[in-house]
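Colleague: Curious how this folds, go ahead:
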Amino acid sequence: MLEETSLQASRFPMCHGRVGRASVLRAPSAERTADTAVAHRIRNAIAGLTLILLTTLPLVPPALAGPDDETVIDEAASAMVEKAAQEAKSSQYTARAFEAFGKGDYAGAERILLDQITFDGQNFVVHYNLACARAVQGRLDEANASLRRAVELGFCNRRTMLADPYLRPLRDTDAFNLLLDNWSGVLEAQRKSRLEQAKRWVHGDTLERTDDALRYDLISAHDEAATDEAVLEMRRVADWAAGIMPSVVDAQATAKASYVVVVLPDQKDFLKWAFWTYGQMARRAFAGIGGAYEHDRKRLVAQDLGATLRHEFFHVLDWREMDRLGQVHPIWIQEGLASLVEDMDPERIIERRGRPISSIMRPRGVNGNVDPRLVPGAERAGRPEAPPARLVDDGFVPVPSWRTNIVKRLAEAGALPSLAKLSGMDHIEFSTDRPLATYAEARTVFLFLQDQGVLAEWFRVYTQDPEHGYDADPRGLAAMEAVLGQELDVIEDRYRDWVRHTLPEVAETGSDLRAQIGVDIEQGEGDGPVVTKLPPGSRRRTGLRRLDVITAIDGRPVRDMKELIRVLSDYEPGEKVTVAYRRVKLHGTTEVTLQAKD
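Modeller: Numbers count the residues shown, from 1 in each chain. Predicted coordinates for the structure are as follows:
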């Protein structure tokens, strides 16, 4: 049976997805319950047979097509009420179906799932689990038909299908093996459907990109230069992620992974998407929504081209790795690792500061602090592993941020939760009980492991070691003890001491800066802060104009105010920096001598 996957949402902690080891049936998405669907047909001749795959392509909900934003928001909010009621009903059927499976009452589970299909028929998880119920009853033709329908509706996890014990009776059937033989056709059909669906709700002039190495299709409402920069950001994330999980850039390991559609809409389309996806929650807290990765739909939507895009694209890579391993890591690990890439600096900047670059970005051998028996390939100690080939020339590494400031304040107040408490949170507690603090601590714990030079080793032990890894302790604490060679209480003290005395505090507001550009700047719409006012003489001094969008400082992306302030905090008055900007459709750079703060 299927685990529930996730809706990963950046900077809107209320909307993070459900994760866990227990299987949970997934409620339908709004688009899955649209009344109208477009069937995309692909024919493949296999062993003399013709296989026709119908990949359902939901039409754009009416709420995404209206010209008036307030009307759209009201319609979306109303639709969300109906959606919430349907999801609640589906959850009740979920619990009943799982209870029947637990008792071995597969016929009863089948009856419940058939009832659920009458109102949740576009949800592939229901059909997949119906296939399981029918397979264990020996009704193989019906089970294969249900499995086929799940695939038509979007199911694409080949590994799960092969490993699921409930589907074991199907493995010798022609229909099951025909589906496996045509799996590449399945993925391609689903890929085209996702891409076509995204094009229907992203309006205006758009650009498209495809990255076959990272297996995504991109639709962007931004201009060519900004779109190319977004592509570069995702490659930087992949480069860094490969230091932890090399398979994410291994062509053989990812050959059967589904392509993801990455959507970078303009603000109007993003607003409509957010309200359609989150309803009243978005109405109350829209400013907090940066984007989301929806794993079931293989769709990433991001409002900004910086922290949110990096965070969500890491989720794409992380979910691929979890799918490959057959694991679903707890929320604190997923979000802690994804939050690391929100704030990154080039290696050259870290070297300029005179601080060592973490070993995660260097060729990896066996860390001296780690029991070599715990590290896969440790028998080759003394012969460093060759690092994955880089996708970009400029290596970036995670750095302290506004999130780590929160942890420092908690530590100073004696209010920092224990590692045991943090790692034991389920998705609801993690996302709703002081979410800013939980996200901040999850990020800081992994920054600590990076600073100690054991983050890559921790991930390998956690995902692969039978005695200290995921199967033994899914929380990840046993792996932490193994790679640091200490008991948890000692690690806890060491971590808290590091937070208080080693972890630097990061500038968060303009008043924290020593040097400034000397123009008034406000938060922009995703590609960078906007120049709103030019004091006398600043136009000639800086080369900037009102409404210019600042996109980078000395090649370091600055897509929001937090990022701009953090980057500027590294400079002193009188230093010269290269400011990259967008002026309507033109992109340029200008040399600016930084001024002392007023």
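
Colleague: which element is residue 209 on?
Modeller: Element membership for residue 209, per DSSP states H and E: strand 207-211.

Colleague: List of residues touching the helix or strand just after that strand?
Modeller: Note on strand 207-211: by DSSP H and E, the next helix or strand toward the C-terminus is strand 216-220. The contact list for strand 216-220 (Cβ atoms under 8 Å, 6 or more residues apart in numbering) reads 191, 194-195, 198-199, 202, 206-211, 226-227, 230-231, 234, 259-264, 300, 316. All C-beta atoms are positioned from the backbone trio N, CA, C, and that covers glycine.

Colleague: pLDDT below threshold where in the stretch 51-200 of the chain?
Modeller: Scanning the stretch 51-200 of the chain for pLDDT under 70 picks out 51-84.

Colleague: May I have the phi/psi pair for the residue lying closest to residue 518 once chain neighbours are set aside?
Modeller: The shortest distance from residue 518 to any non-neighbouring residue, by Cβ to Cβ, 6 or more residues apart in numbering, is to residue 595 (4.4 Å). Main-chain torsions, residue 595, degrees, to the nearest 10: phi -100, psi 160.

Colleague: can you give me the offset of the helix or strand containing residue 551 from its chain's centre?
Modeller: Assigned by DSSP H and E, residue 551 falls within strand 549-553. The chain centroid and the centroid of strand 549-553 are separated by 24 Å, computed with Cα atoms, centre = their mean, to the nearest Å.

Colleague: Okay, strands next: where are they in the stretch 301-450 of the chain?
Modeller: 344-346, 396-398 (DSSP state E, counting those that start in this stretch).

Colleague: list the buried ones in stretch 401-415?
Modeller: Across stretch 401-415, burial judged by 16 or more other Cβ atoms under 10 Å covers 401-408, 410-411.

Colleague: Just the ones in strands from the contacts of strand 216-220, please.
Modeller: Within the contacts of strand 216-220, residues falling in strands by DSSP state E are 207-211, 260-264, 300.

Colleague: Of the residues you listed, keep whichever come out buried.
Modeller: Buried among the ones in strands among the contacts of strand 216-220 (16+ other Cβ under 10 Å): 207, 209, 211, 260-264, 300.

Colleague: Could you identify the most distant pair in these?
Modeller: 207 and 260 (17.0 Å; Cβ to Cβ).

Colleague: what number of residues lie near residue 117?
Modeller: 17 (other Cβ atoms under 10 Å).

Colleague: Could you report the separation of the nearest residue to it once chain neighbours are set aside from residue 324?
Modeller: Of all residues not flanking residue 117 in the chain, residue 126 sits nearest, at 5.7 Å (Cβ to Cβ, 6+ apart). Going from residue 126 to residue 324 by Cβ to Cβ, to the nearest Å gives 25 Å.

Colleague: Poorly predicted segments of the stretch 251-400 of the chain, please.
Modeller: 278-289, 352-393.

Colleague: is it true that residue 319 touches residue 295?
Modeller: Yes. In this structure residue 319 lies within contact range of residue 295 using Cβ atoms under 8 Å: 5.0 Å.

Colleague: A strand includes residue 112, no?
Modeller: No. Checked against DSSP: H, G, I helix; E, B strand; the rest coil, residue 112 lies outside a strand; its state is helix.

Colleague: That one: how many residues sit nearby?
Modeller: Around residue 112 there are 24 residues (other Cβ under 10 Å).

Colleague: Now do the contacts for it.
Modeller: Applying Cβ under 8 Å, 6+ apart to residue 112 gives the contacts 93, 96-97, 100.

Colleague: let's see it at 6 Å
Modeller: 93, 96-97 (Cβ atoms under 6 Å, 6 or more residues apart in numbering).

Colleague: what would the ones in strands among the contacts of strand 216-220 look like in JSON lines with distance to residue 242?
Modeller: Conversion of the ones in strands among the contacts of strand 216-220 to JSON lines gives the following (distance: Cβ to Cβ, whole Å):
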{"residue": "207", "distance to residue 242": "26"}
{"residue": "208", "distance to residue 242": "25"}
{"residue": "209", "distance to residue 242": "20"}
{"residue": "210", "distance to residue 242": "20"}
{"residue": "211", "distance to residue 242": "14"}
{"residue": "260", "distance to residue 242": "17"}
{"residue": "261", "distance to residue 242": "22"}
{"residue": "262", "distance to residue 242": "18"}
{"residue": "263", "distance to residue 242": "24"}
{"residue": "264", "distance to residue 242": "23"}
{"residue": "300", "distance to residue 242": "19"}
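
Colleague: Just name the closest of those residues to residue 470, please.
Modeller: residue 260 (23.7 Å).

Colleague: which residues does that closest one form a beta bridge with?
Modeller: Beta bridges link residue 260 to residue 216, judged by DSSP bridges.

Colleague: any idea how far it is from residue 119?
Modeller: 29 Å.

Colleague: and residue 299, how many neighbours?
Modeller: When neighbours are counted by other Cβ under 10 Å, residue 299 comes out with 20.

Colleague: got CSV for the buried ones among the ones in strands among the contacts of strand 216-220, with distance to residue 523 too?
Modeller: What follows is those, written out as CSV (distance: Cβ to Cβ, whole Å):
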residue, distance to residue 523
207, 24
209, 26
211, 29
260, 28
261, 27
262, 23
263, 21
264, 18
300, 22
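
Colleague: from the residues you listed, which is closest to residue 104?
Modeller: Among those, and counting by Cβ to Cβ, the member closest to residue 104 is residue 260, at 37.6 Å.

Colleague: got a list of what that closest one touches?
Modeller: Applying Cβ under 6 Å, 6+ apart, we find residue 260 in contact with 216, 298, 300, 316.

Colleague: repeat for residue 447
Modeller: Counting by Cβ under 6 Å, 6+ apart, residue 447 has no contacts.

Colleague: Show me what the strand holding residue 551 is packed up against.
Modeller: strand 576-583 (3 or more Cβ pairs under 6 Å, 6 or more residues apart in numbering; DSSP states H and E).

Colleague: before we move on, back to that, need the winner for burial among the strands of the stretch 301-450 of the chain.
Modeller: strand 396-398 (a mean of 22; mean count of other Cβ atoms under 10 Å).
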